[in-house]
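J.: Provide a 3D model corresponding to the input given below.
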Amino acid sequence: MATDSSSGSNLGLPMPDPVVGQPASVGPAKPASPPANAPPGNAPAGAAPAAKTSKPESAQPAGSKDQPAGSKDQPAGAKDQPAGAKDQPGATKETAPNVNIAASPPKQKKAKSQPSEAASQQSPRAAKSSEAKQDQRRSRALEELEELDKVGAVPVRIMAPAVMISLILHMLIVVIAGLLATQTPVQANLRVLVANVSDGVESVEDIPEMQVDAPETDSEVTDMATEAISTFSAESFAATDIPDEPPPMASMELADIGIATAPRGDLLKEMGSITGTGVKGRGDAKSRATLVKQNGGTDASEAAVAAALKWFSEHQNGDGSWNFDHRVGPCEGRCGDPGEKSKASLAATGMALLPFLGAGQTHKQGKYKKQVEGALYYLTTNMETSGDMTDHGNGAMYGHGIASIALCEAYAMTHDKQLQAPAQAALNFIADAQDPVGGGWRYKPRQAGDTSVVGWQIMALKSGHLGFLTIDPRTIKGATKFLNAVQADGGAQYGYDRPGAGLATSAVGLLCRMYLGWEHDKPELERGTLILAKHGPALGNIYYSYYATQVLHQFDGPDGPLWKAWNTKMRDSLVASQSKKGHETGSWFFKPGDSGSSAGGRLYCTSMATMTLEIYYRYMPIYQQKSAESPFEE
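T.: Modelled structure (predicted):
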């Protein structure tokens, strides 16, 4: 009967597991030295098979004589010998024993089949040999464990608590040391700061003594500056009792660049706002008709305004905008004389919107409220986040100023919260775009200024001021500085970008001086107004006529001889020159015209002419009932 070779290989002791942290694939380990009394056939695991290294006769153990002679299944010396067999479990590689093996050996696995007949008939001497082999394996495992313990290769789970405790202690030491190290510099810095504050207070106390009894000068420039500044006193901004409630403030996050409160004087009547004190000018048709008669208008002038508004409504694009090249919209080329600035849509939209607002038309009420709403939507949605409305430079600061006037007037007339933030952002951009050196404005932000662009920006600032928006006093000081730099004849005349005496620039400069606080009895203002009145209106230069009409109206209206003479000529010539032909009915175009006529075309000319005919209720006289007590604050 054949003997099962596996019966003598396991002996109920499985091969040990590798120690935690000990590599298991580094190759076979060196065999441990066998005990001195170990049988010669009990070769350590991993040794070469006895059948290949020596003759079978020399490899037989002492008990081999009891086996049947010539048997192929001899346990000792045969190829299937347990100690040297290739298929013995764990014989291919020697691994470090686990520490738990010696303490409590695992239970013997149950055999899947019944023991072989050869194993059941094993002699008592062979059983003793198997027990000796098991003891030998246990002894060798304990010896290897002791050797690993000597070199420090102990399991990680034994060392883990000590490592964690050490790590925590070191961390606490580092934190405490850091806290102790930062206490001394803080105290030193406090001592330095206290010393600096003390020194600063002592130096400030000496300043007032050095500025006492400053000498005054008698030069003309000093007198002008003193008078101009005196108009911006706090008394001018004293709050008065008015029946209407102040406009509600919307919640927004904008740069705080202006004064916290706005003036509450009669100057608010300039805007002709629908709500508020002294704003009947642009209200209902009845109040507007009354002002037309009082200030020199006629039914014919009002009919011309109505025809102009109809022409504008017929040339508005589907997105709410207008274009200086009006042929690209609903007009389809039926009207001639287009403008060259076809890409300046924001400037064109603002220019077309201003006549509607001047006639009391808003997005809240009026015959053209849908057109006004569309235009306001276009302006606010195409404004840059910075408030920039220069159309990427296509409209320059001219276009920004014109569009800003429209937004600020619409807000001042309705106090619509949705318009407050865009209007304020437009004013903020004007302040940021101002020339930091000369105080003016030109085509690009922060360029040295010219009087023409400055006029549009000051008009926008004044419109925002009347709508209770914030204006930075430094912006007004800068504008005054620019006007001082380009004035001539003591301030009666003005040049373009240097002292001069141009008619158009003088009209712009004088109107800006009025808005910035010059008193009615100022000699320079009277002298400049007389120069304009002597020259008279000029249809060939609608830009000049627009500004000069406002100067004469503000200075001498409504009953003065200068205003009556000017108004009659200006009003009647505009009514007579309005187109009454085909699709152009209600519009104007002036030849040769000023520089704006070629750039803005028929839309520009129609807007300037319409606003000139709205002078009777669009801008109430500044000096009527001393309404100039609300100038800008510097």
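
J.: quick one: the strands in this protein?
T.: Secondary structure of the chain (DSSP state E): strands at 487-488, 493-494.

J.: With mean pLDDT, mean neighbour count and distance to Glu519 as added columns, please give these in CSV.
T.: In short, each C-beta sits where N, CA and C put it, glycine included. Listed next are the strands of the chain as CSV, based on pLDDT from 0 to 100; neighbours: other C-beta atoms under 10 Å; distance: least, C-beta to C-beta, whole Å:
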stretch, mean pLDDT, mean neighbour count, distance to Glu519
strand 487-488, 97, 21, 16
strand 493-494, 98, 27, 18
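
J.: right, so of those strands, which gets closest to Tyr616?
T.: strand 493-494 (26.3 Å; C-beta to C-beta).

J.: any residues touching the closest one, and which ones?
T.: Applying C-beta atoms under 8 Å, 6 or more residues apart in numbering, the contact partners of strand 493-494 are 451, 483, 486-488, 500-502, 505-506, 508-510, 528, 531.

J.: Serialize the strands of the chain to a markdown table and add fields for distance to Lys569.
T.: Formatted as a markdown table, the entries for the strands of the chain read as follows, by distance: least, C-beta to C-beta, whole Å:
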| stretch | distance to Lys569 |
| --- | --- |
| strand 487-488 | 26 |
| strand 493-494 | 22 |
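
J.: Nearest to Phe555, out of the ones you listed?
T.: Nearest of the strands of the chain (C-beta to C-beta): strand 493-494, 15.0 Å.

J.: Point out where the stretch 201-350 of the chain drops to low pLDDT.
T.: Filtered on pLDDT under 70, the stretch 201-350 of the chain yields the residue ranges 201-283.

J.: One more pass at 90, please.
T.: The model of the stretch 201-350 of the chain has pLDDT under 90 over residues 201-290, 327-329.

J.: picking up where we left off before, mind giving me the PyMOL command for buried ones among the contacts of strand 493-494?
T.: In PyMOL, this line selects whichever of these come out buried by 16 or more other C-beta atoms under 10 Å:
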select buried, resi 451+483+486+487+488+500+502+505+506+508+509+510+528+531
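
J.: Among the contacts of strand 493-494, name the ones in helices.
T.: Among the contacts of strand 493-494, the ones falling in helices (DSSP state H) are Thr451, Leu483, Val486, Thr505, Ser506, Val508, Gly509, Leu510, Gly528, Ile531.

J.: For the last one, list the residues it contacts.
T.: Applying C-beta under 8 Å, 6+ apart to Ile531 gives the contacts Ala492, Gln493, Ser506.

J.: Verify the contact between the first one and Trp518 for me.
T.: The reference is to Ala492. No: using C-beta atoms under 8 Å, Ala492 makes no contact with Trp518, being 11.2 Å away.

J.: Please enumerate the shared neighbours of these two.
T.: With contacts taken as C-beta under 8 Å, 6+ apart, the residues that reach both Ala492 and Trp518 are Glu524, Leu525.

J.: Which neighbouring residues are in contact with Arg527, exactly?
T.: Counted by C-beta under 8 Å, 6+ apart, Arg527 has contacts Asp489, Gly490, Ala492.

J.: now that we're looking at it, how far away is Gln487 from it?
T.: 12 Å (C-beta to C-beta, to the nearest Å).

J.: Also Tyr623?
T.: For Tyr623 relative to Gln487 (C-beta to C-beta), the value is 21 Å.

J.: Compute the first-to-last residue distance for stretch 572-584.
T.: Taking C-alpha to C-alpha, to the nearest Å, the first and last residues of stretch 572-584 lie 19 Å apart.

J.: returning to what we had before: tell me which of the contacts of Ile531 is nearest to Gly366?
T.: Nearest to Gly366 among the contacts of Ile531, counting by C-beta to C-beta, is Ser506 at 35.6 Å.

J.: Where does the prediction get shaky in the chain?
T.: The chain contains residues with pLDDT under 90 at 1-290, 327-329, 391-395, 466, 539-540, 557-559, 591-596, 618-634.

J.: ok, now with 50
T.: 1-120, 154, 156-158, 184-280, 625-629 (pLDDT under 50).

J.: export the ones in helices among the contacts of strand 493-494 to a markdown table and tack on distance to His326?
T.: Output for the ones in helices among the contacts of strand 493-494, formatted as a markdown table (distance: C-beta to C-beta, whole Å):
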| residue | distance to His326 |
| --- | --- |
| Thr451 | 29 |
| Leu483 | 35 |
| Val486 | 34 |
| Thr505 | 29 |
| Ser506 | 32 |
| Val508 | 27 |
| Gly509 | 32 |
| Leu510 | 33 |
| Gly528 | 36 |
| Ile531 | 36 |
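
J.: ok, the residues you listed vs Pro558, which is closest?
T.: So of these, ranked by how close each gets to Pro558 (C-beta to C-beta), first place is Leu510, at 18.6 Å.

J.: In contact with that closest one, which residues?
T.: Leu510 neighbours (C-beta under 8 Å, 6+ apart): Ala492, Tyr494, Leu525, Gly528, Thr529, Leu532, Val551.

J.: State the number of residues packed around the closest residue to Asp388 other than its chain neighbours.
T.: With C-beta to C-beta, 6 or more residues apart in numbering as the criterion, Asp388 has its nearest non-adjacent residue at 5.4 Å, and that residue is Phe429. If you count neighbours by other C-beta atoms under 10 Å, Phe429 ends up with 22.
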